[in-house]
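> Turn this into a model:
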Amino acid sequence: MRTRHLVFGIAASVALVTACGSSDDGGSDTTVAVATSAAGEAATTEAGGTAAAGTGPVVVADSSLGQILTTADGFTVYGFKNDSAGTSTCTGGCAESWPAVTTTSEELPAGLDPAVFSVVEGPDETYQLRAGDWPLYRFSGDAAAGDTNGQGQGDVWFAVAPDGNLIEG
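Next up, the predicted model:
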């Protein structure tokens, strides 16, 4: 019975990931609110990283892909190659599988380097973090801190390096 649930869960995740390569605009949007560390404290993720340029909701962690951005709780952060001009295009079913990494206001959270990070308005009127040209997302298929299951999905989803570039290799 447990195996059947696992297989169903994997199949459902694959179906949702496949939908993210299309222009599905229907459905509801979801976001992941990320906690901001107190200014001046060294943030460390469960994956063993330290905060990007200080403290904040996005940190740098070591992974099998090299150094990547993660949320403060260690979940890999991804960019979507279908986003253009720094604007999020992941809505509906896509956003259910790939929730946006958000913040509470249009102000860049303390500790994030403004040469790399910015805040953009998300498609559902939230404030989404961006690194370089890429609005940031989590992958619902990453079950634990340090997972990189979204890497290369559909040839459009890639982990984000600390400098804001996508890790496509």
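
> State the number of residues packed around Thr103.
24 (other CB atoms under 10 Å). Bear in mind the C-beta positions are built from the backbone N, C-alpha and C, glycine included.

> Next one, pLDDT for it please.
For Thr103, the pLDDT comes out at 92.

> How about Asn165: what's its closest non-neighbour residue?
Spatial nearest neighbour of Asn165, excluding adjacent residues (CB to CB, 6 or more residues apart in numbering): Gly132 at 6.0 Å.

> can you give me the helices in the protein?
Here the chain has its helices, by DSSP state H, at 2-19, 93-97.

> Can you tell me which of these has the worst average pLDDT?
Taking the mean pLDDT of these, helix 2-19 comes last: a mean of 39.

> Now Ile167: closest residue in space, sequence neighbours ignored.
For Ile167, the closest residue by CB to CB, 6+ apart turns out to be Ala159, at 4.7 Å.

> Let me know the pLDDT of the one you found.
98.

> What of Gly164?
In this model, Gly164 carries a pLDDT of 97.

> burial count for it?
20.

> residues touching Gln67, list them.
49, 60-61, 161-162 (CB atoms under 8 Å, 6 or more residues apart in numbering).

> what bridges to it?
Gln67 forms beta bridges with Asp62, as assigned by DSSP bridges.

> if I look at it, how far off is Glu168?
Per CB to CB, to the nearest Å, Gln67 is found 15 Å from Glu168.

> Likewise for Lys81?
In terms of CB to CB, Lys81 sits 9 Å off from Glu168.

> who's more crowded, these two?
Each of Lys81 and Glu168 has its neighbours counted (other CB under 10 Å); Lys81 has more, 14 against 11.

> and that one, what does it touch?
Lys81 touches 155-158, 166, counting by CB under 8 Å, 6+ apart.

> Low-confidence regions, this protein specifically.
1-56 (pLDDT under 70).

> ok, now with 80
For the chain, residues meeting the criterion pLDDT under 80 lie at 1-56, 123-124, 169.

> ok, back up a step: tell me which of the contacts of Lys81 is nearest to Thr89?
When the contacts of Lys81 are ranked by distance to Thr89 (CB to CB), Val156 comes first, at 10.6 Å.

> any idea how far that closest one is from Ser63?
Counting by CB to CB, the gap from Val156 to Ser63 is 19 Å.
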